[in-house]
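I would like the atomic coordinates for the input below:
(one chain, ligands or ions: 1)
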Amino acid sequence: MDRRRLLRTGLVVGGGLVATTVSTGTAVHAQASDGTGPEERPATPDQAWARLREGNRRWVAGSPTHPHQDAARRAEVAEKQDPFAVVFSCIDSRVPPELVFDAGLGDLFVLRTAGQTIDPLITGSAEYGPAELGTPLFVVLGHQRCGAVTAAAESLHDHKKLPGKLSTIASSLRSAYKRSGGDIDKMIRINTIDVVKQLKKDELFAPRIAKGQLKVIGAYYSIDSGEVTRLV
Ligand SMILES: [Zn+2]
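Numbering: from 1, shown residues only. Take a look at the predicted model:
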C-alpha cells in the first residue's frame, strides 16, 4: 500500500464521530470537523474546543492518531510556536493533556499542579499563551479520584496539617471542601469551577473574554472511561 497517498476513513462509534485521517509518510493528521483544515490551527475558542473534543473522542475510542509527534512537526515548530489551547490539569500521572486530547508538539500549553490549584506564580504562566500569543482557549481540567483533592479533604476533615508545602494545597482547596459536604467528586468539580471563575476575572483575560477572543472553560476527566466532560 502506498502510505504517502493513503486515505483512511475511520468510524468511531463510541463518540458518534466520523473521523477522516490522512496519512502522509509517517505523519498522521486528524481532519477536524470544525471547518478548519487538518493542518490549520483552530482560530476561535469554539474551534479550539471542537479540536480538543475530537482528540478526546479518539482517545476514548482507543484509536488515537498521535498527530504532530514526528520529526517534521519538530522542525515545523522549531522557530515559532502557536498553540491553540492552554490546558491546566492535575499532576496526576493518569491525566497527561497531550494524551487525553490526542494532541502533539506545539499544540498545547500545559500547566499542571496538584488538584490544579492556582496561585499568583501559576497565574503568570497561565496568562502567557492568551495574553502574549492570542491562544483562544483555556481549559481547567479536574479529574476523577484526584489524590490531591482527597488528601486535602482528609487533612481538612481531621484538622491535621499536611507536611511541608503540601499544606498550601489543602489551604487552597478549603473553600471547595466546605461547599462539597465531604463529597470528594463534588469537591473536584467545585474546585475546577472555582479556578475557572478566578481566571475569568484575571486582568489580562477579562478583556479578551469580553471581545470573544478567549474562552475559559472547566471540564472533568473520567479516569475510568477517558472521557472529558465540560462542566462550565
Ligand atoms: Zn489529581
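
what strand or helix carries the residue nearest to Gly115 when sequence neighbours are not counted?
Counting by Cβ to Cβ, 6 or more residues apart in numbering, Gly115 lies nearest to Ala148, which is 3.6 Å off, once chain neighbours are set aside. The C-beta positions use only the backbone N, C-alpha and C, and glycine is treated the same way. Under DSSP states H and E, the secondary-structure element containing Ala148 is helix 147-158.

wait, what's in contact with the residue nearest to Gly115?
Contact analysis of Ala148 by Cβ atoms under 8 Å, 6 or more residues apart in numbering lists 90-92, 114-115, 117, 169, 173.

same check, this time on Cys146
For Cys146, the set of contacting residues under the criterion of Cβ under 8 Å, 6+ apart consists of 90, 92, 115, 184, 188.

can you put the contacts of Ala148 in JSON lines and add distance to Ile223?
Formatted as JSON lines, the contacts of Ala148 follow (distance: Cβ to Cβ, whole Å):
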{"residue": "Cys90", "distance to Ile223": "11"}
{"residue": "Ile91", "distance to Ile223": "14"}
{"residue": "Asp92", "distance to Ile223": "8"}
{"residue": "Ala114", "distance to Ile223": "16"}
{"residue": "Gly115", "distance to Ile223": "14"}
{"residue": "Thr117", "distance to Ile223": "19"}
{"residue": "Ile169", "distance to Ile223": "19"}
{"residue": "Leu173", "distance to Ile223": "19"}
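
on the three-state scheme, Gly142 is what?
The assignment at Gly142 comes out as strand when based on DSSP: H, G, I helix; E, B strand; the rest coil.

doesn't Gln116 make contact with it?
Yes. Because the distance of 6.3 Å satisfies Cβ atoms under 8 Å, Gly142 is recorded as touching Gln116.

what is in contact with the two at once?
89-90, 191-192.

quick one: which of the residues you listed is nearest to Asn56?
Within these, distances to Asn56 taken as Cβ to Cβ reach their minimum at Ser89, with 12.6 Å.

thought the closest one was touching Arg112?
Yes. Ser89 lies in contact with Arg112 (Cβ under 8 Å); the separation is 5.4 Å.

and for the two, which residues touch both?
Contacts common to Ser89 and Arg112, judged by Cβ under 8 Å, 6+ apart, are Pro97.

counting neighbours, go ahead and name the busier of the two.
Using other Cβ atoms under 10 Å, the more surrounded residue of Ser89 and Arg112 is Ser89, with 23 against 16.

contact partners for that one?
95, 97, 110-112, 116, 140-143, 221.

list buried residues within these.
Restricting the contacts of Ser89 to buried positions leaves 95, 97, 110-112, 116, 140-143, 221, with burial counted as 16 or more other Cβ atoms under 10 Å.

get me the contact residues on the chain for the ion.
Taking Cβ under 5 Å from the ion as the criterion, the neighbours of the ion within the chain are 90, 92, 146, 148.

output stretch 136-151 as PDB, nothing but the C-alphas.
As requested, C-alpha coordinates have been extracted for stretch 136-151 and formatted as PDB (Å, rounded to 0.1, in the frame of the first residue of the first chain):
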ATOM      1  CA  PRO A 136      -8.100  31.300  22.100                       C
ATOM      2  CA  LEU A 137      -9.000  28.600  24.700                       C
ATOM      3  CA  PHE A 138      -8.100  27.900  28.300                       C
ATOM      4  CA  VAL A 139      -9.300  24.600  29.800                       C
ATOM      5  CA  VAL A 140      -9.200  23.900  33.500                       C
ATOM      6  CA  LEU A 141      -9.300  20.100  33.800                       C
ATOM      7  CA  GLY A 142     -10.300  18.400  37.000                       C
ATOM      8  CA  HIS A 143     -10.300  14.600  37.200                       C
ATOM      9  CA  GLN A 144     -12.000  11.600  38.900                       C
ATOM     10  CA  ARG A 145     -10.300  10.200  42.000                       C
ATOM     11  CA  CYS A 146      -8.000  13.100  42.400                       C
ATOM     12  CA  GLY A 147      -5.500  12.100  45.100                       C
ATOM     13  CA  ALA A 148      -4.600  15.800  45.900                       C
ATOM     14  CA  VAL A 149      -8.200  16.700  46.500                       C
ATOM     15  CA  THR A 150      -8.700  13.600  48.500                       C
ATOM     16  CA  ALA A 151      -5.600  14.200  50.700                       C
END
